[in-house]
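Q: one predicted model, sequence on top.
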Amino acid sequence: MSLFSETLLALLLVAGGLFTFIGSLALVRFRDFYTRLHGPTKATTLGVGCLLLASTGFFSLDTGRLSLHEILVSLFLFITAPISAHLLAKLALHQKLPSLVPLPADPDQDQPLLRDKED
C-alpha cells in the first residue's frame, strides 16, 4: 500500500473513533430521552460509517478486489438507524416521557399546538 492510502485509512479510522466516542459521550451526558436519542443516532452512525469505509478501503487494496461486505453493512446501518430513532421518538411521545422542553399538545384534544401571542 502507498503512503497516501495508509494515511487516508488512518484518518478514516481516527475520524470514525472520534465520532463514535462523541456519540457515546452524548448518550451519557444529555439529560432527557429525546436528546440522548439524537446524539448517538447521528454521530455514532457517522463514526461506524467511517470505520466501515476504512475497512472497505483496506481489504479492497489488500486483496485487489472490491470488498462489498462492509458496503452492505453500511447501507443497512444508514437505512435502519434513522428509522429506529424515528420509531423510538414516536413511542416516547406516545408514552409522554418527560422532556426538557414542553411537548406538543395531543391533536385528539381540542387544544392548539401553538398559542397565538397577544401584544
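A: In hand now; what should we look at? Numbering: from 1, shown residues only.
Q: after the worst-scoring helix or strand of the chain on mean pLDDT, next one along is what?
A: Every helix and strand of the chain was ranked by mean pLDDT, DSSP states H and E. The lowest is helix 33-39, at a mean of 83. Using DSSP states H and E, the helix or strand that follows helix 33-39 in sequence is helix 45-63.
Q: any residues touching that following helix, and which ones?
A: For helix 45-63, the surrounding residues in contact (Cβ atoms under 8 Å, 6 or more residues apart in numbering) are 1, 5, 8-9, 12-13, 15-23, 66-67, 70-71, 73-74, 77-78, 81. From N, CA and C alone the C-beta is placed, and that goes for glycine too.
Q: who does the least confident helix or strand of the chain touch, helix- and strand-wise?
A: Helix 33-39 is packed against helix 3-29, helix 69-95, with contacts defined by 3 or more Cβ pairs under 8 Å, 6 or more residues apart in numbering; DSSP states H and E.
Q: TSV please, covering the ones you listed and showing mean neighbour count and mean pLDDT.
A: Formatted as TSV, the helices and strands packed on helix 33-39 follow (neighbours: other Cβ atoms under 10 Å; pLDDT from 0 to 100):
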stretch	mean neighbour count	mean pLDDT
helix 3-29	15	92
helix 69-95	13	88
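Q: mind putting these into JSON lines with distance to Cys50?
A: As requested, the helices and strands packed on helix 33-39 are arranged in JSON lines below (distance: least, Cβ to Cβ, whole Å):
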{"stretch": "helix 3-29", "distance to Cys50": "3"}
{"stretch": "helix 69-95", "distance to Cys50": "10"}
